[in-house]
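A.B. asks: Sequence first, predicted model second:
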Amino acid sequence: MRSAWTAAALCVLPVAVRAQGGSGLPRAFSTLEGRIRERPLRAFGKKSFRGLSSAQKLGLASSLPGRAKSRDGRPSVPLNLVFLGSAAQIRGALTAAGWSEAPVSIYASFSESLDQLMNRQIPRIDFPPFKTFYVRGRPEVFNWVMVVRMFYKRHHFRLWDMGRRDALGREIWSGGGNLDVSIDWTKATHRVDPNIDAERAFLARGLALSGARLRLSLVPSPNVPRRGKDSDGFPFYTDGSVLMVEFPPARDFCKIIRSR
């Protein structure tokens with residue numbers, strides 16, 4: 001019964017989105033960010049739904065942490081993503097947008113990669129494994145990835161459950177990610193693109209094309225640092241806004257109104 005309700009509430013259309021290689025921020029991404037900033041996109045598809053007011057979004061963004069931390073407590077990934085909805089809604093939209101869910105633990109990543117190799121398959125998403133980061137002492141719940149060049153280049157981000165709900169009763173998830181562009185062999189980790197706003201725009205564009213019912217907004221956050229370095233010493237810069245992704249509240253399911 002619950003799975004049927006979830007499937008009905010998601011209203012996801014399977015639209016494949018390919019990962020885009022190359023450097024720089026494509027014009028289409030920048031145009032989409034401009035539209036989100038000037039006029040939040042109401043919803044995609046034929047139906048709309050009620051979302052947070054501008055004041056509520058600002059208040060929510062201000063209440064969330066601005067950065068994750070590494071295992072040894074060093075500031076790491078800036079948190080410039082906010083998802084409002086259930087885990088099922090998030091999975092449905094991201095899968096439709098072409099993202100793959102990767103294991104959370106390093107052990108699970110190595111285990112799956114080894115299993116793929118033993119079955120004469122090339123490891124696709126699980127290697128190299130994600131490092132575990134923490135927000136308010138908790139590790140991420142989701143790792144999402146889209147591979148551009150195996151081992152070397154990939155889009156990826158993490159999501160943490162904030163353990164609370166918004167004014168419309170939706171679960172609050174905070175996240176952050178970037179584009180791995182190459183491997184830094186001296187640090188045995190990936191070198192990342194410092195323009196994390198470009199990665200935020202990439203995610204927004206994929207979600208806009210996914211067919212999922214959702215709203216996208218860019219909301220200023222006083223907690224996201226504009227410039228800095230992550231826990232591996234790689235620089236980043238951003239405008240300090242978070243991409244807020246809203247899914248339909250459960251109680252609005254039977255009160256859908258037509259979008260203008």
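C.D. replies: Structure's in. What do you need? If you're wondering where the values come from, they're calculated on a predicted model, not measured in any experiment.

A.B. asks: drop to CA atoms for contacts and neighbour counts, all remaining ones
C.D. replies: OK.

A.B. asks: Below-threshold pLDDT in the stretch 101-250 of the chain: ranges please.
C.D. replies: For the stretch 101-250 of the chain, applying pLDDT under 70 flags the ranges 103-129, 150-152, 182-191.

A.B. asks: mind running it again at 50?
C.D. replies: For the stretch 101-250 of the chain, applying pLDDT under 50 flags the ranges 126.

A.B. asks: which residues in it form strands?
C.D. replies: With strands called from DSSP state E, counting those that start in this stretch, the stretch 101-250 of the chain shows them at 134-135, 138-139, 142-149, 153-165, 171-184, 189-192, 215-220, 227-229, 235-237, 241-246.

A.B. asks: Against which helices or strands is the fifth one packed?
C.D. replies: The reference is to strand 171-184. Counting contacts by 3 or more Cα pairs under 8 Å, 6 or more residues apart in numbering; DSSP states H and E, strand 171-184 packs against strand 75-78, strand 81-84, strand 153-165, strand 189-192, helix 196-208.

A.B. asks: Helix or strand: which one has residue 59?
C.D. replies: Element membership for residue 59 (DSSP states H and E) is helix 54-63.

A.B. asks: Okay, buried residues for that helix please.
C.D. replies: For helix 54-63, the buried set under the neighbour-count rule, 16 or more other Cα atoms under 10 Å, comprises 57-58, 60-62.

A.B. asks: show me the contacts for residue 157.
C.D. replies: 143-145, 175-178 (Cα atoms under 8 Å, 6 or more residues apart in numbering).

A.B. asks: hmm, 10 Å instead?
C.D. replies: Shown in contact with residue 157 (Cα atoms under 10 Å, 6 or more residues apart in numbering): 77, 79, 81, 130, 140, 142-146, 175-179, 199-200, 203.

A.B. asks: In PyMOL, how would I select just the buried ones from those residues?
C.D. replies: Filtering the contacts of residue 157 down to the buried ones (16+ other Cα under 10 Å) takes a single PyMOL command:
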select buried, resi 77+79+81+130+140+142+143+144+145+146+175+176+177+178+179+199+200+203
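
A.B. asks: one step back: nearest to residue 32, out of the strands of the stretch 101-250 of the chain?
C.D. replies: Set against residue 32 and scored by Cα to Cα, the strands of the stretch 101-250 of the chain come closest in strand 215-220, at 10.0 Å.

A.B. asks: rewinding a little: what would the helices and strands packed on strand 171-184 look like in TSV with distance to residue 250?
C.D. replies: Converted to TSV, the helices and strands packed on strand 171-184 look like this (distance: least, Cα to Cα, whole Å):
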stretch	distance to residue 250
strand 75-78	30
strand 81-84	11
strand 153-165	12
strand 189-192	37
helix 196-208	20
